Every structure is written in structure tokens, then in C-alpha cells.
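> output the structure for:
(one chain, ligands or ions: 2)
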Amino acid sequence: MADQEEIILNGAALCDGIAIGSGHFLKPIEDTVPEIKIRTSDAETEIERYRSALESSREELLGLQHYMAREGGDEAAGIIDTHIQMLEDPIITQVEDRIRNQLQNTETVFRSVINEYEDQFSKITDTYFQQRLVDVRDLSQRIMWHLRARHKKELDALPKNSILLSDEIVPSDAAEALRSGAMGFVTHLGGATSHTALIAKSKGVPFVADIDLQSYIEDGPFTMVVDGFDGKVILHPTKETLTKYQALQKTLQSQVKKAQESAHLPSDTIDGLKINVMANIECIEDMTQIAASGAAGIGLFRSEYLFLQEESAMSEERQSKVYKRILEIAGDLPVTFRLFDVGGDKDFCPTFVPQANPALGCRAIRFLLQRPEIFRIQARALLRASSGFNLRILLPLVSDIDELKQATLLIQIEQERLRKKGVGLPLKLSIGAMMEVPSAIVMSDLMAKECDFFSIGTNDLTQYALATDRSDPRSNFEPAHPSILRMIHRTSQAADSHHIPISLCGDMAADPKFTPLLIGLGVRTLSCPPRYIPAIKEAVRSTTLTDAQDLAKKAMACPTYKDVQSLL
Ligand code: PEP
Ligand code: MG
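Numbers count the residues shown, from 1 in each chain. Ligands and ions are numbered 1, 2, ... in the order given. Below you'll find the predicted structure:
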């Protein structure tokens, strides 16, 4: 900005807090492959990137093959062997020459080679060629994933105190940026319960969306303020503005300290009903906050975030170590491990197949049932890690009873196999269902017979029930909509009549405004990011069950969300 005048932009507040730092623009994510012309002198670097993506793919395939062979999956091991051999195929190896000749980035060249191959072979109906086409697609997705993973390493170089600005920040970029020390996010796209917003909330990073930054893009870093309370972004703040926000930061720090002091007070309602307030965590590092947060356990471990720390699918041993460590740190506190919920806006699993409509496609439990080798490795890792502990496994995005039964059976088979081998097993295994698809809620009376506990995911439930995009800041995303409240109530009644526990781990659990309402609807465990726990416990202590039930009854009778809002 030539004149360096203060500029105030108004957007949507996705995560509260104040950040003061230097703004850095992140180039748009390459959902579609960016076509970049390269210089002759850059060709060898691009080729090097391609080779290391091939090498990572090979390592991953060898690991998978090893696992399959050990498990007696000879047929699957054979298919994987074909993929390993295909890494030497001219289709794959010609990319290097084409990079030199076309002088374009690796992704563009690679994609064009695969497209040509698909065009050629999709017309041939012979089953051999059709199968080969499937193999090429599968392998190319694996390679492309590794290319993207390397591309993201650019975020590693982000200076400390940065505020990341971008059209959209995907969860993997957010995690990478936070590791580099980013202190705030500003985007055009992104909703309050998008996974990037959830990451920001769990780490306490102010996030403002719905800001069109196009006209403000600058080369160098510049000072800016992110006001995650009012949804404001201030570029080139004046001295007065800076002083005002610095003072606000100090006040916030002392508020956090005060909240922490009350973190270990009980979480009983005035009339003595105990509510468990637990923590949602995304990685092992989050466990460091558990003791101070006053959490009664881990209500949700989003295990898919492990993929953000690894460039390849994690081996059984690696996973098992992480799970064991979490259980050890938790000690006597219960831990609920959710199986990989990949898909939707969490497209960061290697070999994940991009889809036209990801939120409605092969996501979570569907993905796992289609990729039993990934499912089984995770189940075994959890079972092994839990020797001497209770193991709680949560199945994501269950939409019908068949899925629940199939997944349960797979876990039980793995448990039996381990038992036969004499491996130490969990003291008790409980399998629960995420209740976040309307079809599951409607069937909750029958679902309750098939599992050991329910956990309501209001983020997805709201998205699917109201047909509203959780990643869009302008969508009509209202988790306290009367229809959602009725669904929560229905699910808690089903859980009650089948004597299974029920918790709620969507973002709604982090907002004290909703705490009495949720208690009144029958929820007895709330799970939210650790930093919100003291405030939620305080909200529990400030209500009675009778008042909460009265409020819930009135809210469910409201015709619209606006009416619920005025009740609250
Ligand atoms: C939810 O959908 O409410 C939930 C807790 O899961 P996630 O946000 O990870 O999809
Ligand atoms: Mg969900």
C-alpha cells in the first residue's frame, strides 16, 4: 500500500481472539492443478520433486504390501505389487522427459500424461485394460498426493508472528502454518465449523473469513491486526489502533489465567446433576493442555489429523505408539478414539480419491469400509495400544445400521486375530457411533441396540439436516435450529431407553450459551476444545436441570431459529 493508510475490513468471525502480526499471502491451493511455466534451469528441481514423490509412493506401497502379506491377503498384496512395478512403467517414467521438453511444473505434466492415457484406454472395453486403467488412476492419485504434500512444505518457511492470508486455507495448510508459528488466519472462504476453523479454535488462533483480499495483495509482509471477536481485519493499523489492541490482548491473557484457576471446579448443576465436560483433541501435542483444562476425559480424538503430520499412511507400529502415548498421558481418564474421518474438506489422507461432491461422497466410515487395509491397520493399532486400558472406538459419519455392523465385525475380527497371537488386549472394548447423519438419527432407536455409545456431531448434523455448507461463512449454519434440537432430543431418548451413554462433540458444545439447552435435551457429556472447558463447566454450575429441561422444551416448540435465539 503506497500511502500506508489504515484499512478496516469487516468479515465473519470464525475464531475469537486478537492477533497482531505481519500478513503473508498464501498462493491459492491447487485443487485443480496449477499450470505453471518453468525455466529450463528449474526443470531438474521439478524432476527431483517428481522422483521423491515416486520414492515416497514406493515406500508406502512396500509397507502396505508387507502388511497384506503378513495378514494373508495374497490377492491384495499381488495388486499392490502391480502398482510397485508400474512405478517403472513408461507411462510414469516419461514424465521426466516431458518436464524437460514442455517446461511446465510436474503436476501439470503428470496430469496431462495420465489424462492422455485415460483417453486412450477408456474406449477399450476389454476387462484387462479396464483394470489397468483403475490401477493407473489409483497409482496416479497416490503420486499426486505426494507431490502436493511436498508443495505444502513452502509453509514451513513462514516467519514467526505471521498472519496467513489466503482465498481459502485447507486444514493441512493450517496445521503446517501453525507449526511454523502463524498467529492468525484471514480468508475469503471458510465457515465456523469448517475443519480449518476447528483447528484454529483448538489452538486459540484468531480467524476471520469472508474478507476479499484481492485488492490488497502486497508483495512484502505488512503489519496487521485480526480481531476475531468482531470479525475485523485491520491493515496498516495506526499507533492508536495498535495500542488499543495490545491492551485488549493483555486483558484477554488475564481472563484466560482466571478461567484456568477455576478449571478444576466440579461440573454439577445447581441441583446436583453431574455433567462430564471432556476435551476434543487433534494431535498428541494437545494432550499437554489436558491436565490444566480440567477435562473429565477425551471425548473425541480426531485421529485423521495424524495424516497432517505424516507424508504417508502411518504404519501400525507408528499409530500404535501415538495411541498408547495418549492413553498413558490420559491415565485414568477415558479416551474416545474416532477412526479416520477423511473426506469432505479433510482430503489429506494419502490415496484419497478426489470427488465431485466430497461432502456426499466416499467419506469417513464409507471410505474405511472401501479401504479395509487402512481400517484394519488402524483397528489393530488401537487394540494393541490399549492393552491394559479400556478402548473406546468411535465410528464417523455412520448413516445406517449395516455400516455399523460391518465396522463392528471388522474390529472384532482383528481383536480375535490378535487374541490368537497372544497379543495383550484392551480390558474393555466399546464401539460407538457418531450421530451426525439425519438417517442415523431417525433410526437412533435401532442404532442404539447395535453400539455401546452415541456421540452427536452437530457440525455435520447441521450441514446435512439443513443442507447448508459448514465451510461457507455465508451459509445458514444454525446448530440451534429447532429441527436440530429435536434431533438431539430424539437421539438422547433413544440412548436413554437402551441404557447407552450419549455425548455431544460438535462445535456447539464449546459455546456456554448452549450448555443449559443441551443438558435439557438429555446430553450428559459435552466435549469441546480444552480451552473452552472452564467456561462450559461454569455454565453447567449456573443452571438447574429443571430450568434446562424447561428451556429445551420451549426451544423445541419454537417454529424458527430466530425464536430459539430470542429464548437464549
Ligand atoms: C461434528 O461433525 O460435529 C464432529 C464433531 O466431527 P467433525 O467436526 O470432525 O466432522
Ligand atoms: Mg463430523
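> which other helices and strands contact the longest helix belonging to the chain?
Longest among the helix segments of the chain by residue count, using DSSP state H, is helix 43-70. Other helices and strands packing on helix 43-70, by 3 or more Cβ pairs under 8 Å, 6 or more residues apart in numbering; DSSP states H and E, are helix 74-86, helix 90-102, helix 106-122, helix 127-151, helix 372-385. All C-beta atoms are positioned from the backbone trio N, CA, C, and that covers glycine.
> 10 Å instead?
With contacts defined as 3 or more Cβ pairs under 10 Å, 6 or more residues apart in numbering; DSSP states H and E, the packing partners of helix 43-70 are helix 74-86, helix 90-102, helix 106-122, helix 127-151, helix 316-330, helix 372-385.
> up against ligand 1, what does this structure have?
Taking Cβ under 6 Å from any ligand atom, the part of the chain that reaches ligand 1 is made up of L198, L300, R302, D341, E436, G457, T458, N459, D460, C505, G506.
> anything in the helix or strand hosting the second one near ligand 2?
Element membership of L300, judged by DSSP states H and E, is strand 298-302. No - contact of strand 298-302 with ligand 2 is not found when judged by Cβ under 5 Å from the ion; the minimum separation is 8.8 Å.
> okay, that strand in PDB with CA atoms only?
Listed in PDB are the C-alpha atoms of strand 298-302, where the atom choice follows Å, rounded to 0.1, in the frame of the first residue of the first chain:
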ATOM      1  CA  ILE A 298     -11.000 -37.100  25.900                       C
ATOM      2  CA  GLY A 299     -14.500 -37.100  24.300                       C
ATOM      3  CA  LEU A 300     -13.100 -37.000  20.800                       C
ATOM      4  CA  PHE A 301      -9.700 -37.700  19.300                       C
ATOM      5  CA  ARG A 302      -9.900 -36.800  15.600                       C
END
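> next, the angle from that strand to helix 316-330.
Relative orientation of strand 298-302 with respect to helix 316-330: 160 degrees, computed using axes from the mean of the first three to the mean of the last three Cα atoms, to 10 degrees.
> quick one: secondary structure of K244?
The local conformation at K244, judged by DSSP: H, G, I helix; E, B strand; the rest coil, is helix.
> going forward, begin numbering at 58 instead of 1
Sure, I'll start numbering at 58, so the last one becomes K301.
> and it, how far is that from ligand 1?
Distance of K301 to ligand 1, computed by Cβ to the nearest ligand atom, to the nearest Å: 34 Å.
> contacting residues for that residue?
Remark: with contacts taken as Cβ atoms under 10 Å, 6 or more residues apart in numbering, K301 is in contact with I75, V282, P294, T295.
> rewinding a little: make TSV out of the helices and strands packed on helix 100-127 and add mean neighbour count.
Listed next are the helices and strands packed on helix 100-127 as TSV, based on neighbours: other Cβ atoms under 10 Å:
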stretch	mean neighbour count
helix 131-143	15
helix 147-159	15
helix 163-179	17
helix 184-208	17
helix 373-387	18
helix 429-442	22
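> okay, those in TSV with distance to D343 and mean pLDDT next?
What follows is the helices and strands packed on helix 100-127, written out as TSV (distance: least, Cβ to Cβ, whole Å; pLDDT from 0 to 100):
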stretch	distance to D343	mean pLDDT
helix 131-143	34	75
helix 147-159	39	88
helix 163-179	33	84
helix 184-208	22	73
helix 373-387	9	94
helix 429-442	17	94
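> so for R96, which of those sits nearest?
helix 147-159 (11.8 Å; Cβ to Cβ).
> pull out the buried positions in the helix or strand containing E473.
Secondary structure here is read from DSSP H and E; on that basis E473 sits in helix 458-477. Residues of helix 458-477 classed as buried: I458, E460, L461, Q463, A464, T465, L467, I468, E471, Q472, L475 (neighbour count, 16 or more other Cβ atoms under 10 Å).
> tell me the angle it makes with helix 429-442.
Helix 458-477 runs at 50 degrees relative to helix 429-442, counting by the same axes, to 10 degrees.
> any idea of the mean pLDDT in helix 458-477?
For helix 458-477, the per-residue pLDDT values average out at 97.
> repeat that for stretch 74-94.
Per-residue scores along stretch 74-94 average to 75.
> that stretch: end-to-end distance?
Using Cα to Cα, to the nearest Å, the gap from the first to the last residue of stretch 74-94 comes to 40 Å.
> likewise stretch 273-284?
End-to-end distance of stretch 273-284: 18 Å, with Cα to Cα as the criterion.
> quick revisit: can you put the helices and strands packed on helix 100-127 in TSV and add distance to P453?
Converted to TSV, those look like this (distance: least, Cβ to Cβ, whole Å):
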stretch	distance to P453
helix 131-143	24
helix 147-159	34
helix 163-179	30
helix 184-208	20
helix 373-387	16
helix 429-442	12
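> contact partners for the residue sitting nearest the centre point of the chain?
The chain has H252 as the residue nearest its centroid, 5.0 Å off, counting by Cα atoms, centre = their mean. Counting by Cβ under 10 Å, 6+ apart, H252 touches 227-229, 231-232, 339, 359, 361-362, 398, 401-403, 405, 516, 527-528.
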